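Student: Kindly return the folded structure for what I paste below:
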Amino acid sequence: MYAATPTKLPLATWARLMGVHPLHFAQVSFTPADAKFPSGNCDRVMAQHEWQEADATSREEVARAIAEAEENIERELGFRLLPSWEVDEWRQTARYFRAELDNISLTDLRCAAQAVKAQWAHLVTVGQRATTLLAASSPITWSDVMPAGDGYKETGTVTVAGLAAAVEACEIRVYYPGKSGDPAYEIRPINVSIAAGVATITFRRELAVLEGLMEAFEPVAVDGTVDAQFLAAVDVYRLYNDPSAPATLLWENRPSTCGCGDDDCPSCDYTAQTACLNIRGDPAHGWLSFVPATYDAITDVWSHQEASVGRNPDIVRLWYQAGLRDQRVACPTRDMDVQWALIVARYAASLLDRPPCACARETWERWRVDLAFRGGAEELATYELTASDLASPFGTAAGAVYAWRRVKNAETGAAARFAIAP
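Tutor: I've put the predicted structure just below:
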């Protein structure tokens with residue numbers, strides 16, 4: 001299953017939380033002879049695009065709603081709902097309070113390294129996002145596991161051998177083949193275990209419907225019993241942190257340092273130097289200290305260097321990974337906090353303009369109700385919102401109000417935890 005808009009919350013997880021049958025959401029049909037298929041009353045498939053089904057919600061619309069909900073919530077909280085890599089973030093360094101003076105030591109009053117505040121809190125590590133292809137077109141073995149004997153091969157298994165000791169299970173990612181690890185084509189969720197250098201990856205069958213069947217001008221139900229309508233192989237990647245270039249220090253060149261009237265004076269450029277970063281204090285605060293240094297990839301050691309310019313840099317460019325980690329799940333850097341996943345799902349449902357499929361109308365539609373509305377033939381009961389709820393930047397739909405209240409609770413809790421005792 002894929003979508004052009006990448007999301008932190010997998011589409012399949014959103015469907016499960018919204019009470020949508022996983023096969024119907026993925027456009028798959030399967031009715032065992034000895035059991036009633038739960039989504040048997042769904043007379044139409046769920047389409048990939050809105051233009052394929054003009055009067056119903058598509059998977060692409062759901063993905064856009066999830067991404068919008070995640071972005072809005074993260075903006076208010078000040079941290080990502082799932083660890084992600086921030087790229088080339090420019091932060092201004094602290095200035096000495098007397099404008100005519102410079103800090104020439106690159107340290108603070110305690111002789112510790114200078115620090116900057118990252119834009120996003122809950123720091124995980126410093127460095128850049130990196131990927132390595134572990135196996136291209138690795139074959140999938142489809143099997144009928146649970147419940148066994150119903151005829152639906154719901155479990156896909158992929159094995160990758162010869163892994164280095166440094167590869168961790170939570171770093172494994174699976175994609176549609178031939179997509180160069182494009183996040184839009186990642187298959188999620190997955191389960192991964194590694195033993196003796198061999199990774200065993202499992203995922204559900206409906207997550208691997210052929211792209212051509214979902215992109216058809218007139219989409220039809222995919223037969224869950226036909227292997228040829230699902231992927232036969234996937235690309236397996238390692239997604240990890242590259243610590244070699246987490247920061248660059250920038251000094252704005254001043255005319256006094258290179259001579260007035262000098263044609264070679266780089267007056268409209270920066271002097272740049274690589275630096276290493278350390279997380280200072282509580283990672284939830286988002287402070288990073290910096291020191292000019294060079295990285296040795298063989299020994300994985302940073303060596304201190306003298307600053308290229310004899311004063312504090314003007315700008316620090318940052319690359320780092322930050323986001324909330326739920327230590328209750330198997331992979332905190334891959335799977336979203338279970339409570340925030342539910343909040344995102346309900347808020348995203350409230351952002352959808354078109355009606356849901358018939359199979360999810362009860363659990364899905366309720367979060368689209370505008371709680372600020374009063375009157376009307378169908379609204380026999382009136383609603384009352386507090387002034388704070390009415391001022392919600394998320395809107396007044398039930399899902400939006402639900403998310404806003406929990407964001408406020410999280411902010412109140414964080415303020416109390418970080419408060420400085422008198």
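Student: Quick check: which element contains Ala63?
Tutor: Following DSSP states H and E, one finds Ala63 within helix 59-77.
Student: who does the helix or strand just after that helix pair up with?
Tutor: Scanning forward in sequence from helix 59-77 by DSSP H and E, the next helix or strand is strand 84-92. Looking at strand 84-92 with DSSP bridges, its partner strands are strand 315-322 (antiparallel).
Student: Strands of the stretch 1-150 of the chain, start to end?
Tutor: Using DSSP state E, counting those that start in this stretch, the strands of the stretch 1-150 of the chain run over 28-29, 84-92, 115-117, 123-126, 128-139, 141-143.
Student: Does anything pack onto the helix holding Ala63? Which helices or strands?
Tutor: helix 11-17, helix 338-350, helix 398-418 (3 or more C-beta pairs under 8 Å, 6 or more residues apart in numbering; DSSP states H and E). Any C-beta I mention is one placed from the backbone N, CA and C, and that applies to glycine too.
Student: circling back: can you redo the strands of the stretch 1-150 of the chain as JSON lines with mean neighbour count, mean pLDDT and distance to Glu68?
Tutor: Shown next, in JSON lines, are the strands of the stretch 1-150 of the chain (neighbours: other C-beta atoms under 10 Å; pLDDT from 0 to 100; distance: least, C-beta to C-beta, whole Å):
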{"stretch": "strand 28-29", "mean neighbour count": "22", "mean pLDDT": "88", "distance to Glu68": "27"}
{"stretch": "strand 84-92", "mean neighbour count": "14", "mean pLDDT": "96", "distance to Glu68": "16"}
{"stretch": "strand 115-117", "mean neighbour count": "19", "mean pLDDT": "94", "distance to Glu68": "26"}
{"stretch": "strand 123-126", "mean neighbour count": "21", "mean pLDDT": "97", "distance to Glu68": "24"}
{"stretch": "strand 128-139", "mean neighbour count": "15", "mean pLDDT": "97", "distance to Glu68": "23"}
{"stretch": "strand 141-143", "mean neighbour count": "14", "mean pLDDT": "96", "distance to Glu68": "35"}
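Student: Which one, of these, ends up nearest to Ile187?
Tutor: Of all these, strand 128-139 sits nearest to Ile187, with 11.9 Å by C-beta to C-beta.
Student: what does the closest one rub up against?
Tutor: 85, 87, 158-160, 163, 167, 172-173, 177-178, 181, 199, 232-242, 244-246, 319, 321 (C-beta atoms under 8 Å, 6 or more residues apart in numbering).
Student: Any of the residues you listed buried? List them.
Tutor: Burial by neighbour count, judged by 16 or more other C-beta atoms under 10 Å, picks out 85, 158, 160, 163, 167, 172-173, 181, 199, 233-241, 244, 246, 319, 321 from the contacts of strand 128-139.
Student: In strands, which of the residues you listed fall?
Tutor: The strands, defined by DSSP state E, take in 85, 158, 160, 172-173, 199, 233-241, 319, 321 from the buried ones among the contacts of strand 128-139.
Student: which secondary element of this structure has the worst mean pLDDT?
Tutor: One helix or strand of the chain scores below all others by mean pLDDT, DSSP states H and E: helix 255-258, with a mean of 58.
Student: and the next element down the chain from that one?
Tutor: Note on helix 255-258: by DSSP H and E, the next helix or strand toward the C-terminus is strand 270-280.
Student: List the neighbouring strands of the very next helix or strand once past that following strand plus their orientation.
Tutor: Downstream of strand 270-280, the first helix or strand assigned by DSSP H and E is strand 287-296. Sheet pairing of strand 287-296 (DSSP bridges) gives strand 115-117 (antiparallel), strand 270-280 (antiparallel), strand 301-304 (antiparallel).
Student: between the helices and strands packed on helix 59-77, which gets nearest to Glu60?
Tutor: Ranking the helices and strands packed on helix 59-77 by proximity to Glu60 (C-beta to C-beta) places helix 11-17 first, at 9.6 Å.
Student: So which elements touch that closest one?
Tutor: By 3+ C-beta pairs under 8 Å, 6+ apart, helix 11-17 packs against helix 22-25, helix 59-77, helix 338-350.
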